[in-house]
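In: Any chance you can model this:
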Amino acid sequence: MSKPAQLAFVKSRLRTGGTWTATALAAELECNEKTVRRIMNRLRDVEKWPIESGKTGYWLRASSLAETRISGPQEIAALAMAQEALRLLGTSELAVQLRMEIARLCRQSEDFGDLRWEDLKDAISKGTSGESTTDFDRHGRLTLAILQRLPVEIRYRRLEEDHDYACVVFPHRLIHRDHCWYLIAHDLERGGQKNYALPRITAATPLPRPNDFDEPVFEDRHSDAFGSWTPYEGGELVDVCVELSGYWSRIAREKIWHASQRLESLGPDIVRINFRVSELVQVKTWVLGFGGAAKVIGPAELREMVVEELRQMHRNHA
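Out: Numbering: from 1, shown residues only. Now for the predicted structure:
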């Protein structure tokens, strides 16, 4: 049996999940035990297979990354997006290591053929999304504080002010809404859960966790918000139904504006969008953006808000 055939045979036996002795493998391969041990060393040292060994023989601790194959179009898409994410990390040591590892996986995949990892960047163009430049150092510090459950001292600037101020918060989540990152945190000095736009956090310093620290409970107030993050202090959620016609009805079939969104097609150029939200102010602005192509079916409160805004606009332009 040729060396490549011997290697493939041993791999196939290890993949079964059993434990194999050098004696048993040597008998099947019709070789000596020294050859088997040499194959195992190659798999461990060169191909990085997680092989364990003991008195009972050899076994595979986990699936080998070296054997990973791209199994479908979804994974190709994920790799292309990962390529863009790594581009943002630049030339950091971690980014370089991740690129090398994923490049190795790509080389091991038959689905890629001669395609190189670096070629994936040609498949995605980064357009202008309105998102501000992310400070990855600050983002990373906050992420680590969330994972380690540590308080953080931040310096923050409100939109209506021209200077920042210091406050100590307990960070709960980082969320991405309307092309901007937000920190959801509990203000330990003033009390209450608040949202902080990351572009306006000028500094973030994790603090030691006090021994008697009473950790604030996270309240999920943003999942039912519409558009940019808006406070939700409880109460009943509101069912919204908006009818779009013409061009915008076709666009609606390609867009997801809210996680609870459900579409009703009333014809090739008429569609109704249904969703449930915590407040209507952002929805009013969204409806007005469609101009005469939008019609509020419900609730009546939203319809009145839109009509009143149109009246005000008419007064301003009369």
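In: all contacts plus neighbour counts: C-alpha atoms, from now on.
Out: OK.
In: which helices and strands does the host helix or strand of Glu153 pack with?
Out: Per DSSP states H and E: Glu153 is located in strand 152-156. For strand 152-156, the contact count by 3 or more CA pairs under 8 Å, 6 or more residues apart in numbering; DSSP states H and E identifies strand 165-177, strand 201-206 as packing neighbours.
In: For the stretch 51-200 of the chain, which segments count as helices?
Out: 73-89, 93-108, 136-148 (DSSP state H, counting those that start in this stretch).
In: what's the closest of the helices and strands packed on strand 152-156 to Val307?
Out: Taking CA to CA, strand 165-177 is the member of the helices and strands packed on strand 152-156 nearest to Val307, at 27.3 Å.
In: List the buried residues of the closest one.
Out: Within strand 165-177, the residues scored as buried using 16 or more other CA atoms under 10 Å are Val168, Val169, Phe170, Pro171, His172, Arg173, Leu174, Ile175.
In: and that strand, C-alpha only, in CSV?
Out: The C-alpha coordinates for strand 165-177 follow below in CSV (Å, rounded to 0.1, in the frame of the first residue of the first chain):
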residue,chain,number,x,y,z
TYR,A,165,-18.8,63.8,31.4
ALA,A,166,-17.6,60.8,33.4
CYS,A,167,-19.9,58.1,34.8
VAL,A,168,-19.6,54.5,36.1
VAL,A,169,-21.9,52.0,34.4
PHE,A,170,-22.5,48.2,34.4
PRO,A,171,-22.4,47.1,30.8
HIS,A,172,-25.1,44.7,29.6
ARG,A,173,-25.1,44.5,25.8
LEU,A,174,-23.6,46.0,22.7
ILE,A,175,-26.2,46.3,19.9
HIS,A,176,-26.1,47.5,16.4
ARG,A,177,-29.1,49.6,15.2
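In: re earlier: out of the helices and strands packed on strand 152-156, which is closest to Arg311?
Out: strand 165-177 (30.1 Å).
In: The closest one versus strand 152-156: what angle between them?
Out: Strand 165-177 runs at 90 degrees relative to strand 152-156, counting by axes from the mean of the first three to the mean of the last three CA atoms, to 10 degrees.
In: Now do strand 165-177 and helix 136-148, the angle between them.
Out: 90 degrees.
In: So which residues make contact with strand 165-177?
Out: Strand 165-177 has contacts (CA atoms under 8 Å, 6 or more residues apart in numbering) with 142-143, 145-146, 149-157, 181-189, 215-216, 218, 227-229.
In: partners of it, with directions?
Out: strand 152-156 (antiparallel), strand 180-187 (antiparallel) (DSSP bridges).
In: Flag every buried residue along the first one.
Out: Spelled out, that is strand 152-156. In strand 152-156, counting by 16+ other CA under 10 Å, buried: Val152, Glu153, Ile154, Arg155, Tyr156.
In: OK, contacts around the fourth one?
Out: Shown in contact with Arg155 (CA under 8 Å, 6+ apart): Asp164, Tyr165, Ala166, Cys167, Ile201, Thr202, Ala203, Ala204.
In: Pick the one among those closest to Ser249.
Out: Ile201 (39.0 Å).
In: Which residues does the closest residue to that closest one other than its chain neighbours form beta bridges with?
Out: Closest residue to Ile201 apart from its sequence neighbours, by CA to CA, 6 or more residues apart in numbering: Tyr156 at 4.6 Å. Note on Tyr156: beta-bridge partners by DSSP bridges are Tyr165, Ile201.
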